[in-house]
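Trainee: Please work out how this folds:
(2 chains)
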Amino acid sequence: MAQAAAHQSHDHDHGHHDPQELKMLGFWIFLVTDVILFSTLFATFVVLRNSTAGGPGGAELFNMTGVIIETFLLLTSSFTSGLAVLAMNKGSMKGLINWLIVTAILGLGFIGFEVYEFVELVHEGANFGTSAFLSAFFTLVGTHGLHVSLGLVWMIGLMFQLKKRGLTSETKGKVSALSLYWHFLDAVWIFLLSVVYLMGVM
Amino acid sequence: MLDKIKEFASTFFVTGDPMIYGADVSIALAMIGIVFVLTYFKKWGWLWKNWLTTVDHKKVGIMYILAAILMLFRGGVDALLMRIQLATPDVTLLHPEHYNQIFTTHGTIMILFMAMPLMFGLFNIAVPLQIGARDVAFPFLNALSFWLFFMGAMLFNLSFVIGGSPDAGWLSYPPLSELQFSPGVGQNFYIWGIQISGIGSLATGINFIVTIIKMRAPGMTWMKMPVFTWSVFSSCVIIIFAFPILTVTLALLFLDRFGGGHFFTLDFGGNPMMYINLIWMWGHPEVYIVVLPAFGIYSEVISVFSKKKLFGYKSMVYAMFMIAILSFFTWAHHFFTMGSGADVNAFFAISTMVIAIPTGVKVFNWLFTMYRGKITFKTPMMWAIAFIPNFLIAGLTGVMLSVAPADFQFHNSYFLIAHFHSALIGGVVFGYLAGLYYWWPKMFGFTLPETPGKWAFWFWNIGFYVCFIPQYSLGLMGMTRRLSTYGWDTGWQPLNLVSTVGAFLMGIGFLFQVLQILLGIKNFRKLKDTTGDPWGGHTLEWSIPSPAPEYNFATIPQVEERDDWWAEKDKRAKGIFRKQSPIEAIHMPKNSAIPFIMSVFFFIAGFGFVFGWSFFYIPGLIGVAICMICRSFFSYDGDYYIPADEVKRTEAAIRGSV
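Mentor: Numbers count the residues shown, from 1 in each chain, chains lettered A, B, ... in the order given. Next up, the predicted model:
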């Protein structure tokens, strides 16, 4: 606490504020809003999960093998994004880029499996408009998938910036924010796995 | 070919109503007028450099306020049209469909495109100055928030002449707002207008939370923070918890309409009640989002114009946070009649009543602040005082509505209409007007003339009671809301006529305010605020010249007391001067065109989604993405320094004129 206070008064001495510190706090608050966004989608899903309108429910539809593989890929990618930050803190640009590439590939694998799963479902006749349950399912899982996809675009863009700008406080801040975002998506996935899939097939 | 064009034009443009043709003509004339004036006076470059690309919080604030006043005019015209229709029975000025559109747009515009931007305008004007900061935490994001709001509002307003306005009420309840019952594009305009501006509101919430947490001047501990800043902080906390819910709710409604989903439909397992729960989980806190900053303004204004410290500062802060938290536990009182069961209704009835406690604490604090104060009746203070008796009425009727069994009687009647207009006009609009008068000299460097302001005040206030008090009775007499006309046999005519007269009195009040601003501009030399502190203020914004220089503070102040500037003036009077730190180069953000351009692309994408035109929304979304990437790649040199010498010259120039 005392340390934090001392740090703050140091910032204030010149009337300047560490922009990275501001950005990190802003990003944390953004993540809070994202938590609310997902909570709302979860609530909607939970309310509508049994409204299958005579159509298929989760137990008949979900292919748990695919889901387990997805989980494995995303959890591992969260771990490798952590390794990327560790490499960055050691000042190793090469390690950082390499771990980010591994993370991106794992993330891409996750998205690939998810898209495959969605296509399969639609082929079986379980599409977005079949029932309220499926509308809620595709929206909740799809929003998470969209977040992961945006994260991938961000990650790739960031790698270009890292190549061009090197490790500065700004690029470091961006990597930290990205990694935070990636861990957050991982946490959301755990809830998705439990509430949508595990409770669905139980 | 020609037939095809004709057919398209007749569905694309709204036709068949002389009022709409009038609107078409006036929009076209206004556009031509603006283009002509800007070209004639060679002001395009000035407009672009000083306003469209600015990231200065003070200018962003002024643009918010300007837009909000325009929207107040539009929403006000809607209101007067409705009141003309209801003045006596069997008036058919508006056919029922058009009437539905008017009440829908009136509600939506007044809350989302008038109250919210007026509030954000005041946030922008006052908060950085009150906490001794040079800008908000994220100036670029701040400009983006403004342009998103602006483009969202424009998209929403466009529906009036293109495609048709939404007509399912200001919260667009399904199943009425679903494709089955609203097949036109009106609901899509509603969804995208609010969605785009809502992203801006959410970003503003984040921005001001970070600003207030991190950018307070040294020495300004939480309990020394000005009470308006506290109210902004609590309002922003509600924003970040409430607005994502709105985003999701509207997105789901859109998925139903656009993608054939079944979230809120009547068939395939959809659940319209889910929408109503969700929208009020945002909608109820929204009331407190807009009212808390007004409470903050009353606290500032009442203490300054009573020449006293605010009574019970700490209890004010706690009360605001209690209200902020409780606001999330009351949403179901908006639909007591929907059969949730006695236990649920009882919970929400009690949690609603509990809000009266912190609100009551605040009202007593304001009264005690005035007690034995040396009150001066300047316009801001008059609005603040007028708020108190009015809010008493709003509060008492609010508690009446919160009693679930009684609400079965009042629900959706004019009693309810009168209640929330009392709360929102008397609580929110009065507060923002007080704030606008209070901070006007800080924005523009001159005070507004008092006499037309007082005329405006009395027209507004008398009109307000004449308009809404009869509506309480009408509600108890059985008149329901959203009624386009009624018969002579109802006996509602006399009170409705009185109410209409009241509405027009408020309209005259508004005209006096326009006159007041024009007279102020005309006589600005005489009204010039040379002191920087025309009211004898307490807080830091009054310690700098009016209007504030672009860097706000030449040196960042060192805060020692709660009402720091007041305390410093006291010390100066005793001949004690604080040591000034030397002027150094000042770090400033550069202007950026990206917020404006990106919002235009958002507008294009939104317009495409409204009509389901992929050749609009795909390029629009690509444009948004390109803007984001550009920002990310080129943000590294987004700032510059004002050299110390230039700061000294500027300071000498403005202070020299004192």
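Trainee: on contacts alone, who are the packing partners of the longest helix along chain A?
Mentor: Counting residues, the longest helix found in chain A (DSSP state H) is helix A:132-165. On a contact count with 3 or more CB pairs under 8 Å, 6 or more residues apart in numbering or on different chains; DSSP states H and E, helix A:132-165 meets helix A:19-48, helix A:93-123, helix A:169-192, helix B:227-259, helix B:614-634. To be clear about C-beta, it is placed using only N, CA and C from the backbone, and glycine gets the same treatment.
Trainee: Could you break chain B into its assigned domains?
Mentor: For chain B, the TED database gives the domain ranges B:1-41, B:42-581.
Trainee: picking up where we left off before, could you give the angle of the longest helix of chain A to helix B:614-634?
Mentor: On the basis of axes from the mean of the first three to the mean of the last three CA atoms, to 10 degrees, helix A:132-165 is oriented at 40 degrees to helix B:614-634.
Trainee: re the thing from before, go through the helices and strands packed on helix A:132-165 and pick out the most buried.
Mentor: With neighbours defined as mean count of other CB atoms under 10 Å in any protein chain shown, the helices and strands packed on helix A:132-165 peak in mean count at helix B:227-259, which reaches a mean of 24.
Trainee: can you tell if it touches chain A?
Mentor: Yes: judged by CB under 8 Å from any CB of the partner chain, helix B:227-259 and chain A are in contact via B:Ile240, B:Phe241, B:Phe243, B:Pro244, B:Ile245, B:Thr247, B:Val248, B:Thr249, B:Leu252, B:Leu255, B:Asp256, B:Gly259.
Trainee: Name the nearest residue to the last one, ignoring sequence neighbours.
Mentor: Which is B:Gly259. Nearest non-adjacent residue to B:Gly259, counting by CB to CB, 6 or more residues apart in numbering or on different chains: A:Phe128, 5.9 Å away.
Trainee: so what's that neighbour up against?
Mentor: With contact set as CB atoms under 8 Å, 6 or more residues apart in numbering or on different chains, A:Phe128 has these partners: A:Leu134, A:Ser135, A:Phe138, B:Leu255, B:Gly259, B:Gly260, B:Gly261.
Trainee: likewise B:Gly536?
Mentor: Counting by CB under 8 Å, 6+ apart, B:Gly536 touches B:Val304, B:Lys307.
Trainee: surely B:Thr539 meets B:Asp564?
Mentor: Yes: the criterion here is CB atoms under 8 Å, and B:Thr539 meets it with B:Asp564 at 7.1 Å.
Trainee: Give me the neighbour count for the closest residue to chain B within chain A.
Mentor: For chain A, the residue closest to chain B is A:Ser51, as judged by CB to the nearest CB, at 3.0 Å. By the criterion of other CB atoms under 10 Å in any protein chain shown, A:Ser51 has 21 neighbours.
Trainee: pretty sure it is touching A:Ser135, no?
Mentor: No: the pair A:Ser51 / A:Ser135 is not scored as a contact, 9.2 Å apart, by CB under 8 Å.
Trainee: okay, and the common contacts of those two?
Mentor: Common neighbours of A:Ser51 and A:Ser135 (criterion: CB under 8 Å, 6+ apart): B:His262, B:Gly270.
Trainee: can stretch A:106-125 be found next to chain B?
Mentor: No: using CB under 8 Å from any CB, stretch A:106-125 stays clear of chain B, coming no nearer than 12.8 Å.
Trainee: What lies in contact with that stretch?
Mentor: Residues outside stretch A:106-125 that contact it (CB under 8 Å, 6+ apart): A:56, A:61, A:63, A:66-67, A:69-70, A:73-74, A:76-77, A:80, A:127, A:134, A:138, A:141-142, A:145, A:148-149, A:151-152, A:155, A:182.
Trainee: Compute the number of surrounding residues for B:Gly373.
Mentor: Using other CB under 10 Å, B:Gly373 is surrounded by 16 other residues.
Trainee: Revised request: answer the last question for B:Ala332.
Mentor: Neighbours of B:Ala332 under the rule other CB under 10 Å: 22.
Trainee: Torsion angles phi and psi at it?
Mentor: When read as degrees, to the nearest 10, the backbone of B:Ala332 gives phi -70, psi -10.
Trainee: For it, which non-adjacent residue is spatially closest?
Mentor: B:Phe348 (4.0 Å).
Trainee: ok, so what distance separates the one you found from chain A?
Mentor: Going from B:Phe348 to chain A by CB to the nearest CB, to the nearest Å gives 17 Å.
Trainee: List the residues that contact that residue.
Mentor: B:Phe329, B:Thr330, B:Trp331, B:Ala332, B:His333, B:Phe336, B:Ala404.
Trainee: Nearest to chain A, out of those residues: which one, please.
Mentor: Using CB to the nearest CB, those come closest to chain A at B:Trp331, 12.7 Å.
Trainee: List the residues that contact the closest one.
Mentor: Residues near B:Trp331 by CB under 8 Å, 6+ apart: B:Asn277, B:Trp280, B:Met281, B:Gly283, B:His284, B:Pro285, B:Phe348.
Trainee: Select from those the one having the most neighbours.
Mentor: Most neighbours among the contacts of B:Trp331, by other CB under 10 Å: B:Pro285, with 27 neighbours.
Trainee: In this structure that residue contacts B:Ala242, no?
Mentor: Yes: if you go by CB under 8 Å, B:Pro285 and B:Ala242 touch, sitting 4.1 Å apart.
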